[in-house]
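A.B. asks: Could you look at this predicted model? Sequence included:
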Amino acid sequence: MSPTATGETSTTIEAVVRGIAADHREHRGALLPILHAVQESLGYIPAEAIPVLADELNLSRADVHGVVTFYHDFRSKPAGRTVVRVCRAEACQSVGAGRLVEHVKDKYGLSMGDTRYDDSVTVEQVFCLGNCALGPAVQVDDRLLGRVDEDRLSAIMDKAISR
């Protein structure tokens, strides 16, 4: 077996996915909770998981793939060591979130959803971090930050890259 980007083999991925599916199979609408559990366990939804889930849940591969690609929460490859999420909801947009997105693209060459070539940082957009009064809001891994401007975002990105 050849290892994946995170070092798992196809056999390991299959075992993890089948175990998670077994834990959730009896629940109505099990696919979404299973996908969340797979991503939490592996850090992403590997392509090898799609046919296993289709088999476990008696769905087509297209059905499973469609759900994985429809929801922005699911990744098809591992995230960088640091994940930076920029809130794009209306309140944050009105106070400069769009400028933050453009700044990341201009300075670092990253669009929302991209991971830097060295796997140091992944940038994502989210549609509400619940920090509307302190927008634009940014989440760095599990830490919520408010009133982030381009300079502060550069400091965040530079620190993530230098780790």
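C.D. replies: That came through, no problem.
A.B. asks: Pull out the buried residues from the helix or strand of the chain with the lowest mean pLDDT.
C.D. replies: Within the chain, confidence by mean pLDDT, DSSP states H and E is lowest for helix 10-24 among all helices and strands, at a mean of 93. Buried residues in helix 10-24, counting neighbours by 16 or more other CB atoms under 10 Å, are found at S10, I13, E14, V16, V17, R18, I20, A21, H24. (Each C-beta comes from the backbone N, C-alpha and C, glycine too.)
A.B. asks: Equivalent analysis for stretch 47-58, please.
C.D. replies: By neighbour count, with 16+ other CB under 10 Å as the criterion, the buried positions of stretch 47-58 are E48, A49, I50, V52, L53, A54, E56, L57.
A.B. asks: same deal with stretch 113-125?
C.D. replies: Buried residues in stretch 113-125, counting neighbours by 16+ other CB under 10 Å, are found at D114, T115, R116, S120, V121, T122, V123, E124, Q125.
A.B. asks: how about the fifth one, what does it touch?
C.D. replies: V121 sits next to G80, R81, T82, V83, V84, L110, T115, M157, A160, I161 when contact means CB atoms under 8 Å, 6 or more residues apart in numbering.
A.B. asks: For it, list each beta-bridge partner.
C.D. replies: The residues paired with V121 through beta bridges, assigned by DSSP bridges, are T82.
A.B. asks: neighbouring contacts of stretch 104-119?
C.D. replies: The set of residues that contact stretch 104-119 without belonging to it, under CB under 8 Å, 6+ apart, is 72, 77-81, 84, 86, 88, 101, 121-125, 153-154, 157, 161.
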